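Novice: sequence and predicted structure are below.
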Amino acid sequence: MNHPDYDRFPHRRFNLLTGEWVLVSPHRTQRPWQGQTEVPDRTVVAEFDPSCYLCPGNLRAGGASNPDYREPYVFTNDFAALLADVPPCKAQEGSLLRAEAESGTCRVICYSPRHDLSFGQMPVADVSAVVRAWQNEYVELGSKPQINHVQIFENRGSIMGCSNPHPHGQIWANATVPTLPAREGRQQKTFFEEKGTCLLCAYLEEELYHPERLVMANDHFVVLIPFWATWPFETLLLPRRHDSRISELTGEEMAALADIMIHLNICYDNLFATTFPYSMGIHQQPTDGLEYPEWHWHIHYFPPLLRSASVKKHMVGYEMLAMPQRDLTAEVCAERLRVVPTDCHYRERPQ
Ligand code: H2U
Ligand code: ZN
């Protein structure tokens, strides 16, 4: 099947990072984009919410109080999924029921003291401060001998399980490398050993040559819809410079990262004039003290919205039982995102 047929016939695409396939059924959506006009969500959110457990000075559910913070604020999750001291646990010899103790810690990061803002409405300096906090957490947690992986992520919007509109993310750090980053690590290592070069450097080079999946770019970063994307408006934010972790950014790269994340957030929010829900996360090398020359750090955004603020993608039926599937192709979605104006967040536009 040739390139032009990608938008006509069912086919499957290979995910280079996970080694899995996704079924693409573009013939189901051959009609042109409907161009729905959304009613912009202008729900008023206060700058400070006395009942918010993340606002400065407020009491948290766990009983602690937040300081009157002015910069990104990090605290240990009061309901952490991972705990520091877990007694060893071993399944009985010969048993099929395998279990192992897992130790670690979970933290929450408040991006801003302002309850009503998100990256799309924050200045570059304030988003850079969040990136600096992510770097510090990665380095500090990663330097602990019992922590071998640090997962930084964010759930945005209640449909993604986010508990509170206050801009915040999470950090889970533990002893073993979790399933998905481990799989990505294996794929990158195999490629590196076979070809002697980095998988994502090679992939990025190829994508820059065929720009139909590019969404936005600056001197240091590129946002694209990966060829193998499963979620409709899923994007991959790739640094142009090969590095295995986020901790080594230059000052210029830091500002460029903040700037592109701001524009991506505005783009997502402006697409359907809503607070665009997603789960995003940073994938980088394990923190076990070993060298990982094959690892190219990156950020995934997985949004569930399909054609409007109310039509969502669900992973059910065939997807739960067989494999992931999508109708709208990566190319169609990239084009949709590319034409969204990102000079101004829709909430800041005069009505
Ligand atoms: P989510 O919005 O992605 O659920 O993240 C919020 C986290 O904040 C969640 O993991 C924690 C929850 O356990 N939390 C506290 O640590 N303290 C609180 O007072 C409430 C919520
Ligand atoms: Zn708040």
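Specialist: Received it, and whenever you're ready, just let me know what you need. Ligands and ions are numbered 1, 2, ... in the order given.
Novice: CA only for contacts and neighbour counts going forward, please
Specialist: Noted.
Novice: which residues does residue 109 contact?
Specialist: Each residue near residue 109 by Cα atoms under 8 Å, 6 or more residues apart in numbering is listed here: 72, 73, 74, 75, 168, 169, 170, 171.
Novice: now with 10 Å, please.
Specialist: Residue 109 sits next to 54, 72-77, 130, 133-134, 137, 152-154, 167-171 when contact means Cα atoms under 10 Å, 6 or more residues apart in numbering.
Novice: for residue 217, same thing?
Specialist: For residue 217, the contacting residues are 223, 224, 237, 238, 239, 240, 256, 260, 263, taking Cα under 10 Å, 6+ apart as the criterion.
Novice: so which of these sit within strands?
Specialist: When DSSP state E is applied, the contacts of residue 217 are split such that 223, 224, 237, 238, 239 fall in strands.
Novice: now the first one, nearest residue through space, not along the chain?
Specialist: Which is residue 223. The spatial neighbour of residue 223 that comes closest, neighbours along the chain excluded (Cα to Cα, 6 or more residues apart in numbering), is residue 237 at 4.4 Å.
Novice: swap in the second one?
Specialist: Take residue 224 and drop its neighbours on the chain: the residue closest to it by Cα to Cα, 6+ apart is residue 214, 4.3 Å away.
Novice: that neighbour and ligand 2: what is the separation?
Specialist: If you measure residue 214 against ligand 2 using Cα to the ion, to the nearest Å, the figure is 34 Å.
Novice: what's the burial count for that residue?
Specialist: The number of residues packed near residue 214 is 22, by other Cα atoms under 10 Å.
Novice: also residue 204?
Specialist: The local packing of residue 204 (other Cα under 10 Å) involves 17 other residues.
Novice: quick one: average pLDDT of the one helix or strand it maps to?
Specialist: Applying DSSP states H and E as the criterion places residue 204 in helix 199-209. Along helix 199-209, the predicted local confidence has a mean pLDDT of 97.
Novice: for it, list every residue counted as buried.
Specialist: Counting neighbours by 16 or more other Cα atoms under 10 Å, one finds that the buried residues in helix 199-209 are 199, 200, 201, 204, 207.
Novice: for that helix, which outside residues touch it?
Specialist: Contacts made with helix 199-209 from outside it, assessed by Cα under 10 Å, 6+ apart, are listed as 16-17, 187-192, 195, 210, 213-214, 222, 224-227, 238-243, 294-298.
Novice: try 7 Å
Specialist: In this structure, residues lying in contact with helix 199-209 by Cα atoms under 7 Å, 6 or more residues apart in numbering are 188, 191, 192, 242, 296.
Novice: need the max-distance pair from those.
Specialist: When the contacts of helix 199-209 are compared pair by pair using Cα to Cα, the farthest-apart members prove to be 191 and 242, with a separation of 14.9 Å.
Novice: show me which of the contacts of helix 199-209 are buried.
Specialist: Using 16+ other Cα under 10 Å, the buried ones in the contacts of helix 199-209 are 188, 191, 192, 296.
Novice: for the second one, give its distance to residue 16.
Specialist: What it means is residue 191. Here the distance between residue 191 and residue 16 works out to 9 Å (Cα to Cα, to the nearest Å).
Novice: swap in the last one?
Specialist: The spacing between residue 296 and residue 16, counted by Cα to Cα, is 13 Å.
Novice: and if you look at the third one?
Specialist: Relative to residue 16, residue 192 is positioned 12 Å away (criterion: Cα to Cα).
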